[in-house]
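Q: no sequence for this one, just the structure:
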């Protein structure tokens, strides 16, 4: 068992474009030479456990992001880069791994609440709840590995709230992929990947404002061979 308390602080200075950009016709958004850096403080408490064939952890975190550099899009056609106030996020995350050979089971999940303190407005582009699950099996007799991976999230909108649009909640996202790998002598492997095995019509949040989000990959199959030098 282990306990960790982690603290970090970072900053990002404004880019040349954020400071001095000027559009060709003089309209639209522009740079702001008075910008300061954006900063973030991160605090995390982590509890960790380890057994003979398993390990897991649970973490509580809080991030405080100040003076974020964003476009002020109070009008659809104009805007300038500004240090937009204070933002914060809190949440909990956990991950577990179980290795009862020849199986491998892994999972992780997180809940995050992001909030703009200045405007008293929640951020909904990043999913509130996310989870991933992997189930793998290694068939040593025929040098073959198979893995089934599922990803799920909910609680996200299709686009950011720019102040003049109408963000809509996205449907729950669920995608399952299948990976099959056969190893041969000489470092050669053949593989089959089945993407979006269930054929779901998933959409991802769009940071640039595409209504209804960005369509995720449809059902698809890829087959290939790869070689790695064993030396």
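A: The structure has been received and is ready for your questions. Source: prediction; values computed, not measured.
Q: what mean pLDDT does stretch 203-219 get?
A: Per-residue pLDDT values over stretch 203-219 give a mean of 93.
Q: and it, what's buried?
A: 203, 204, 205, 206, 213 (16 or more other CB atoms under 10 Å). Just so you know, the C-beta spots here come from the backbone N, C-alpha and C atoms, and that holds for glycine as well.
Q: what of stretch 52-65?
A: Buried-residue list, stretch 52-65, by 16+ other CB under 10 Å: 56, 57, 59, 61, 63, 64, 65.
Q: which of the three states applies to the nearest residue to the fourth one once chain neighbours are set aside?
A: Once flanking residues are discounted, residue 61 sits nearest to residue 44: 4.2 Å by CB to CB, 6 or more residues apart in numbering. Following DSSP: H, G, I helix; E, B strand; the rest coil, the label given to residue 44 is strand.
Q: ok, the buried residues of stretch 52-65 vs residue 21, which is closest?
A: Minimum distance to residue 21 across the buried residues of stretch 52-65 is 22.7 Å, recorded for residue 65 (CB to CB).
Q: residues in contact with the residue positioned nearest the centre of the chain?
A: Most central residue of the chain, judged by C-alpha distance to the mean C-alpha position with CA atoms, centre = their mean, is residue 126 at 7.9 Å. With contacts defined as CB atoms under 8 Å, 6 or more residues apart in numbering, the neighbours of residue 126 are 112, 114, 156, 205.
Q: partners of the lowest-mean-pLDDT helix or strand in the chain in the sheet?
A: Using mean pLDDT, DSSP states H and E, strand 69-71 stands out as the lowest-scoring helix or strand of the chain, at a mean of 83. Partner strands and pairing direction for strand 69-71 (DSSP bridges) are strand 81-83 (antiparallel).
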